[in-house]
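K.L.:
sequence and predicted structure are below.
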Amino acid sequence: MLEIRSARKVFYKGQADEKVALDGLNLSLATGEFGVVIGSNGAGKSSMLNAISGALVLDSGQIVINGDDVTATPVHKRAMRLARVFQDPMRGTAASMTVAENMLLAELRSNKRTLRRGLNATRLSTYKERLSLLGLGLENRLDTRVELLSGGQRQSLSLIMAVGGQPELLLLDEHTAALDPRTADIVMQATIRAVEALKLTTLMVTHNMQHAVDFGHKVIMLDAGRVRLEIDGKDKVQTTVPDLIGHFSVKTDRMFLAS
């Protein structure tokens with residue numbers, strides 16, 4: 001479960017270029033719910049994810065995960081509860097380490113218990129099984145340095161690393177945007193399988209309106225650091241890409257008329 005309560009963040013406060021990134025943002029996801037966040041550039045999407053992960057300190061408001069207020073919890077401690085897959089495939093992995101070593105690092109980071117370190121046979125077998133679900137042959141490249149993988153393979157590995165620890169919250173930061181269409185589809189389908197199988201509470205930011213229509217339990221539109229629109233239930237099922245694009249148009253028209 002995720003709750004964002006009256007989150008506010010202002011950059012360059014009191015200066016000529018003051019920017020309100022989050023303006024009393026309120027957002028909630030039930031346990032196991034998959035929310036898809038859309039919005040134009042500068043709407044507050046990245047600031048929201050950074051606030052959830054702890055990379056951005058709020059001026060006021062709260063971040064609550066499964067009933068625990070984590071607003072003051074540092075990034076490294078939140079990493080034991082949540083996982084994030086970035087748009088850039090280079091950010092989620094250690095380039096000079098092997099595929100297996102990267103997966104071990106992710107396991108040790110996400111597990112609250114003390115684990116016996118080392119790439120034993122049991123772990124390697126588990127890693128191969130998880131990677132085989134992608135259909136990219138990564139299960140046969142456990143000893144390959146990640147820097148030698150393609151962008152799509154690296155992003156797919158980031159996803160498997162993120163969900164392997166069964167995080168309380170999964171954050172997807174435009175994680176298919178930098179991939180070619182075929183690989184993006186592979187990663188997206190793997191994402192859905194993992195989210196559904198593990199019943200992960202998930203928040204995905206995307207500019208892909210088809211993904212917003214096809215996936216998730218609800219669509220959330222951000223604008224100027226606030227939730228401007230929420231579509232779920234039957235309305236979500238019936239929503240089309242033109243419908244979502246129309247909401248962008250209506251918002252723009254209203255802004256123009258008000259100016």
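P.N.:
Okay, I see it.

K.L.:
surely residue 128 touches residue 143?
P.N.:
No. If you go by CB atoms under 8 Å, residue 128 and residue 143 don't touch, sitting 11.5 Å apart. C-betas here are computed from N, CA, C, even on glycine.

K.L.:
those two: which has the busier surroundings?
P.N.:
Between residue 128 and residue 143, counting by other CB atoms under 10 Å, residue 128 is the more crowded of the two (16 against 11).

K.L.:
ok, the more buried one to residue 182 distance?
P.N.:
Taking CB to CB, to the nearest Å as the measure, residue 128 falls 23 Å from residue 182.

K.L.:
so residue 238 versus residue 188, what's the distance?
P.N.:
21 Å.

K.L.:
and these two? Which one has more around it.
P.N.:
residue 188 (21 against 10).

K.L.:
can you pull out the helices in the stretch 1-150 of the chain?
P.N.:
Taking DSSP state H, counting those that start in this stretch as the criterion, the stretch 1-150 of the chain carries its helices at 45-53, 75-78, 99-110, 121-132.

K.L.:
coming back round to it: list residues touching both of residue 128 and residue 143?
P.N.:
Common contact partners of residue 128 and residue 143 (CB atoms under 8 Å, 6 or more residues apart in numbering): none.

K.L.:
quick one: the helices of the stretch 1-150 of the chain as JSON lines, columns for distance to residue 172 too.
P.N.:
JSON lines is the format used below for the helices of the stretch 1-150 of the chain (distance: least, CB to CB, whole Å):
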{"stretch": "helix 45-53", "distance to residue 172": "9"}
{"stretch": "helix 75-78", "distance to residue 172": "16"}
{"stretch": "helix 99-110", "distance to residue 172": "16"}
{"stretch": "helix 121-132", "distance to residue 172": "18"}
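
K.L.:
can you tell me which of the ones you listed is packed in deepest?
P.N.:
Of all the helices of the stretch 1-150 of the chain, helix 45-53 has the most neighbours on average by mean count of other CB atoms under 10 Å, namely a mean of 22.

K.L.:
surely residue 162 and residue 84 touch.
P.N.:
Yes. Residue 162 lies in contact with residue 84 (CB under 8 Å); the separation is 7.0 Å.

K.L.:
show the pLDDT at residue 79.
P.N.:
Note on residue 79: pLDDT of 88.

K.L.:
nearest residue to it other than its sequence neighbours?
P.N.:
residue 109 (5.8 Å; CB to CB, 6 or more residues apart in numbering).

K.L.:
how about residue 95?
P.N.:
Nearest non-adjacent residue to residue 95, counting by CB to CB, 6+ apart: residue 147, 3.9 Å away.

K.L.:
what of residue 87?
P.N.:
Using CB to CB, 6+ apart and skipping residues adjacent in sequence, the residue nearest residue 87 is residue 174, 4.2 Å away.
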